[in-house]
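# Structural data only, the sequence is not supplied:
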């Protein structure tokens, strides 16, 4: 969103603040480039927000609106049929990974904070085993949540009898965080 007349810029900034306060589903950000971004719950929601912004919060000042960018989300619906292989730069380490869906309601529990990255790993593992039927041993080996260390995805170490795996833990978690932030995998 931008203003057609530069003298209306203060109205836009104030209008964006008022819009984000009035609607909890709206996130308004200002980029370093001077671009103002409104994120909402869909195209119809954005149209209503833009109308409210121009008419109610900016007193009818004209605004320029670019085409909406729709970000897609994807999820894992069944255990992956392929096992992915990643080799270290020196070819001494190989990681085999696969993806599988969470048990029902686990993502919601993470979003609500019932299951948290900040919890003691033993307490969290017991909750995951009791409430969601996960293996306690695997649940204790959750390395990290993503995105941003709190999101409803996690990477866990399901290896058995592998030495020195903790040496690469930070690299694996960083890569997982990055991949989950980037969006669609396929």
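Cool, the structure landed. No experiment lies behind these values; they were computed from the predicted model shown.
# could you say which helix or strand contains residue 171?
Using DSSP states H and E, residue 171 sits in helix 169-182.
# Distance from that helix to the middle of the chain?
12 Å (CA atoms, centre = their mean, to the nearest Å).
# helices or strands up against it?
Applying 3 or more CB pairs under 8 Å, 6 or more residues apart in numbering; DSSP states H and E, we find helix 169-182 packed against strand 142-146, strand 153-156. Using the backbone N, CA and C atoms, a C-beta is placed for each residue, glycine as well.
# Quick check: which of those strands is nearest to residue 77?
strand 153-156 (14.2 Å; CB to CB).
# list the buried ones in that closest one?
Neighbour-count burial for strand 153-156, counted by 16 or more other CB atoms under 10 Å, picks out 153-155.
# what mean pLDDT does that strand have?
Averaging pLDDT along strand 153-156 yields 88.
# same for it, what does it pack against?
Counting by 3+ CB pairs under 8 Å, 6+ apart, strand 153-156 packs on strand 142-146, helix 169-182.
# Mean pLDDT and distance to residue 162 added to the ones you listed, as TSV?
As requested, those are exported to TSV (pLDDT from 0 to 100; distance: least, CB to CB, whole Å):
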stretch	mean pLDDT	distance to residue 162
strand 142-146	89	13
helix 169-182	86	12
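# Out of these, indicate the one that is most buried.
Across the helices and strands packed on strand 153-156, the average number of neighbours (mean count of other CB atoms under 10 Å) peaks for strand 142-146, which reaches a mean of 19.
# How far does it sit from its chain's centre?
Relative to its parent chain, strand 142-146 has a centroid offset of 13 Å by CA atoms, centre = their mean.
# And for stretch 54-66?
How far stretch 54-66 lies from its chain's middle: 30 Å, per CA atoms, centre = their mean.
# wait, which of the helices and strands packed on strand 153-156 is closest to residue 38?
For the helices and strands packed on strand 153-156, proximity to residue 38 was assessed by CB to CB; helix 169-182 is nearest, at 20.7 Å.
# what's the closest one in contact with?
Here helix 169-182 makes contact (CB atoms under 8 Å, 6 or more residues apart in numbering) with 95, 143-144, 146-149, 151, 153, 155, 157, 185.
# Stretch 35-48 now?
With CB under 8 Å, 6+ apart as the test, stretch 35-48 has contacts from 1-2, 12-13, 16, 19, 23, 25-31, 49-50, 53, 68, 70.
# which parts of that stretch are buried?
Neighbour counts over stretch 35-48 (16+ other CB under 10 Å) mark 36, 38-40, 46 as buried.
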